[in-house]
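1. this one's sequence-less:
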């Protein structure tokens, strides 16, 4: 039984899967993540789902080559619609924009159950995804940054826990910082990139005379820099 090698981004996603739990991989593309998890003995079974026939066909070939036809079910459909709540324990949604991931979760209210874990890897707008998670009672269990090529990505593992989500949402700059660890070099780099981006937006607003919004963004950037132990003089 063979398994594909994973990119750093997908390897980080795999590291957050719970051993012994079933996985549903949404937007599976080539099916590398579920095949890897089953082949390595992390997950007993998995579902590989995609909205497009082409990627699902590629996933089917990956599953066949790994000899896992009996352990990985391939599903064609939009988001989580091909998956029944009782069929999985963990849900992975990777390689999509934060808003798209949020829309998929919003269309599957059965995920609002503490027995599930969500492994989410937004390619863009992670702050919008975090805001959705907090607003819908999903707490961040852990969050990691990972470098792949010249880009930095984040991977979130979340679970339905409204009280904890509300507490996390109250932290300074919560939607931008999440649970990233500033002691981790990649986590710190991601946070500082966020701070610089927000500072640039604030400067543009000040130039345009929109001072109230500029001040709010400057406070957010300051909160991020406080978390990383940096200040503007270090730029």
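-> It's in. Quick caveat: nothing in here was measured; it's all calculated off a predicted structure. Numbering: from 1, shown residues only.
2. residues making contact with the top helix by length along the chain?
-> Scanning the chain for the helix with the most residues, using DSSP state H, yields helix 185-207. Helix 185-207 has contacts (Cβ atoms under 8 Å, 6 or more residues apart in numbering) with 127, 144-147, 152, 154, 176-177, 180-182, 211, 213-215, 217-218, 220-221, 224-225, 227-228, 230, 232, 235. Every C-beta, even on glycine, is put in place using the N, C-alpha and C of the backbone.
3. so which of those residues sit within helices?
-> Using DSSP H, the contacts of helix 185-207 in helices are 127, 176-177, 211, 213-215, 217-218, 220-221, 224-225, 227-228.
4. tell me which residues of stretch 179-191 are tucked away?
-> 179, 180, 182, 186, 187, 188, 189, 190, 191 (16 or more other Cβ atoms under 10 Å).
5. what about the spatially closest residue to residue 97 that is not a sequence neighbour, distance to residue 102?
-> Distances taken as Cβ to Cβ, 6 or more residues apart in numbering put residue 124 closest to residue 97, at 4.6 Å, once the chain neighbours are dropped. Separation of residue 124 from residue 102 (Cβ to Cβ, to the nearest Å): 12 Å.
6. in the protein, where is pLDDT below threshold?
-> 1-2, 231-235 (pLDDT under 70).
7. now for the buried residues of stretch 179-191: which two are most distant?
-> The span of the buried residues of stretch 179-191, defined through Cβ to Cβ, is set by 179 and 189 at 15.9 Å.
8. where do the domain boundaries of this protein fall?
-> For the chain, automatic domain parsing gives the domain ranges 8-170, 185-234.
9. so which of these is the most surrounded?
-> domain 8-170 (a mean of 19; mean count of other Cβ atoms under 10 Å).
10. end-to-end on that domain?
-> The first residue of domain 8-170 is 31 Å away from its last residue (Cα to Cα, to the nearest Å).
11. got it, and stretch 43-52?
-> Termini of stretch 43-52 sit 24 Å apart (Cα to Cα).
12. what lies in contact with it?
-> Contacts of stretch 43-52 (Cβ under 8 Å, 6+ apart): 17, 19-29, 31, 34-35, 37-38, 56, 59, 63, 71-80, 82-83, 87-88, 90.
13. in strands, which of those residues appear?
-> Residues of the contacts of stretch 43-52 located in strands (DSSP state E): 23, 24, 25, 26, 72, 73, 74, 75, 76, 90.
14. those: which two are farthest apart?
-> Most distant of those, by Cβ to Cβ, are 76 and 90, 20.7 Å apart.
15. so which of the ones in strands among the contacts of stretch 43-52 comes closest to residue 131?
-> Looking across these and measuring by Cβ to Cβ, the closest to residue 131 is residue 26, at 20.3 Å.
16. contacts only, for the nearest residue to that closest one once chain neighbours are set aside.
-> Spatial nearest neighbour of residue 26, chain neighbours left out: residue 93 (4.7 Å); criterion: Cβ to Cβ, 6+ apart. Taking Cβ under 8 Å, 6+ apart, we find residue 93 in contact with 26, 27, 101, 104, 105, 118, 119, 120, 121.
17. including secondary structure and distance to residue 206, could those residues go into CSV?
-> CSV is the format used below for those (DSSP: H, G, I helix; E, B strand; the rest coil; distance: Cβ to Cβ, whole Å):
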residue, secondary structure, distance to residue 206
26, strand, 41
27, coil, 39
101, helix, 33
104, helix, 37
105, helix, 36
118, strand, 38
119, strand, 39
120, strand, 34
121, strand, 34
